[in-house]
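> Let me see the structure of the following:
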Amino acid sequence: MTTRILAIWTLTLILGGGPVHAQAAPDTVTSLPGIEIETSVDRAEMYVGDLITYKVTIKYDSTYELIPPPLGANLGAFDVKDYQSDILSRLPDGRRQSDNIFILSTFTTGDYVIPPIPVIFNLPDGSSKALMSEGVPIKVLSLLAAAGDSVDIKPLKAPYEFERDLTPYYFWGSVILALVLVALTIIWFRLRRRQEKRGPLDLRPAWEIAFEKLAFLKEKNLPQQGKHKEFYIELSEILRAYYESMYDLNVLDMTTTEFLEQFIGRDLPPGLYERTEDLLHCADLVKFAKHIPEIERTEEDFETTHWAVEEVRADYDRRLRPQHDITDIDAGDGVAAEEVPS
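Next comes the predicted model:
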């Protein structure tokens, strides 16, 4: 007890800043009226290197003057990492409360006790009294024991492979595949419908097919029946299909302007472009503007179509004849090609 009193007395003198002989050591008592000292920790067990919170709460009458616990208080095997001193508040009964918080840590294992620390009060009569807080038991555990491993060095573990979630890839892959299948199906149906619309492939020359269609159209006598629109629809389709076949174009679904643009700059028979343009413009007026042409005009446009088929056929023959003549001569009497008249 004498050693404890001496330590408290020395600490008090240091806090007071006075010489040793200037102030008497405070008396150590077990209790004082109106004073309560409580100690607590946030956990009773810790691992090496962990931080724990040690709190000393002092409740005292306002007639006393409190000297808070010092930062350098002896806390045994624990090191003070942080400290908040004398956090004051007032209690409902008029007393004061001082909270003193220590953040502690240690790096040794075993069963320990945070030792009592001195709390000193100056009384109204000028004397000083010291009260000791209660010690707090703490159990410090080893991290190795917690892990259940020995201290022996072990080989490195194999890298952990995370399982990839392939659900999004399967989902979007299925969506894309479905879209591709739908697109292919649509294309297939369109090609099939176009093939059905065109009917079976006719291997006859294009002009024979066109002349046959013109003959069937003439037998229908559509203009005489007032069916001018039906007449010009068939007539223009015959002409378009014939040009498409002879000039290797895809013009059936084009407008009249787009159709005519395909022939600008081509080497056509004389007057073919102009007469074709006039016929198609008249057909557009009948089909889209409800124009009713004279019977003479329908007959003239029919003859124009017939003439156009014959002119394109004759032009085609003229282009092929020199090649046929050269082939026949080379295979026959051996006369030089340049001696054959064009």
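> Quick check: the gap between Y170 and L184.
21 Å (C-beta to C-beta, to the nearest Å). Using the backbone N, CA and C atoms, a C-beta is placed for each residue, glycine as well.
> So for the helix ranked longest in the chain, what gets flagged as buried?
When the chain is parsed with DSSP state H, its longest helix is helix 295-331. By 16 or more other C-beta atoms under 10 Å, the buried positions in helix 295-331 come out as 297-298, 301-302, 304-306, 308-309, 311-313, 315-316.
> how close does L260 get to Y243?
Distance from L260 to Y243, counting by C-beta to C-beta: 10 Å.
> low pLDDT regions in the chain?
1-24, 70-74, 145-154, 195-200, 321-342 (pLDDT under 70).
> Helices along that one, start to end?
For the chain, the helices defined by DSSP H cover 2-16, 143-147, 167-198, 206-220, 228-246, 256-261, 272-289, 295-331.
> among those helices, which is nearest P118?
Among the helices of the chain, helix 2-16 comes nearest to P118, with 4.4 Å by C-beta to C-beta.
> And the protein, split by domain according to the record?
Taking automatic domain parsing as the reference, the chain has its domains at 2-143, 201-339.
> returning to that earlier point: want to throw the helices of the chain into CSV with distance to G110?
What follows is these, written out as CSV (distance: least, C-beta to C-beta, whole Å):
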stretch, distance to G110
helix 2-16, 24
helix 143-147, 12
helix 167-198, 53
helix 206-220, 108
helix 228-246, 102
helix 256-261, 98
helix 272-289, 105
helix 295-331, 112
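> Check these for me and report the most buried one.
helix 228-246 (a mean of 19; mean count of other C-beta atoms under 10 Å).
> where's the nearest residue to H291 once chain neighbours are set aside relative to I186, distance?
Using C-beta to C-beta, 6 or more residues apart in numbering and skipping the chain neighbours, the partner closest in space to H291 is L285 (3.8 Å). For L285, the distance to I186 equals 35 Å [C-beta to C-beta].
> contact partners of stretch 131-141?
Stretch 131-141 is contacted by residues 4, 28-32, 35, 37, 39-41, 44-48, 52, 54, 56, 69, 78, 106, 108-121 when judged by C-beta atoms under 8 Å, 6 or more residues apart in numbering.
> for the protein, what's the longest strand?
Secondary structure assigned by DSSP state E gives strand 79-90 as the longest strand of the chain.
> Return the set of buried residues in that one.
Those would be Y83, for strand 79-90 by 16+ other C-beta under 10 Å.
> and it, how far from the chain's centre?
A distance of 51 Å separates the centroid of the chain from that of strand 79-90, by C-alpha atoms, centre = their mean, to the nearest Å.
> I138: neighbour count?
For I138, the neighbour count with other C-beta atoms under 10 Å is 22.
> hey, what's it bridged with?
Per DSSP bridges, the residues bridged to I138 are Y112.
> quick revisit: put the buried members of the contacts of stretch 131-141 into a ChimeraX selection.
This is the ChimeraX syntax for the buried subset of the contacts of stretch 131-141, where burial follows 16+ other C-beta under 10 Å:
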select :28,32,35,37,39,41,46,52,54,56,69,78,106,109,112,114,116,117,118,119,120,121
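> Tell me which of the contacts of stretch 131-141 fall in strands.
Reading strands off these with DSSP E, I get 28, 37, 39-41, 45-47, 52, 54, 56, 110-114, 118-121.
> thinking again about what came up before, shared neighbours, L260 and Y243?
By C-beta under 8 Å, 6+ apart, the residues touching both L260 and Y243 are T276.
> ok, now which ones touch G94?
Contact analysis of G94 by C-beta under 8 Å, 6+ apart lists S62.
> follow-up on the earlier one: now tabulate the domains of the chain in TSV and tack on distance to Y160.
Converted to TSV, the domains of the chain look like this (distance: least, C-beta to C-beta, whole Å):
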stretch	distance to Y160
domain 2-143	22
domain 201-339	61
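> Out of the ones you listed, which is closest to R192?
Of all the domains of the chain, domain 201-339 comes closest under C-beta to C-beta, at 14.3 Å.
> so how far is F102 from Y83?
6 Å.
> For L91, which of the helices of the chain is the nearest?
Proximity to L91 (C-beta to C-beta) singles out helix 2-16 among the helices of the chain, at 25.0 Å.
> Do I have it right that I52 meets E45?
No: contact criterion C-beta atoms under 8 Å: I52 and E45 do not qualify, at 9.4 Å.
> Give me the neighbour count for P26.
For P26, the neighbour count with other C-beta under 10 Å is 22.
> I35 and R95, how far apart?
To R95, I35 is 9 Å away according to C-beta to C-beta.
> which residues do those two both contact?
K59, Y60, D61.
> Stretch 62-77 spans what distance, first to last residue?
35 Å (C-alpha to C-alpha, to the nearest Å).
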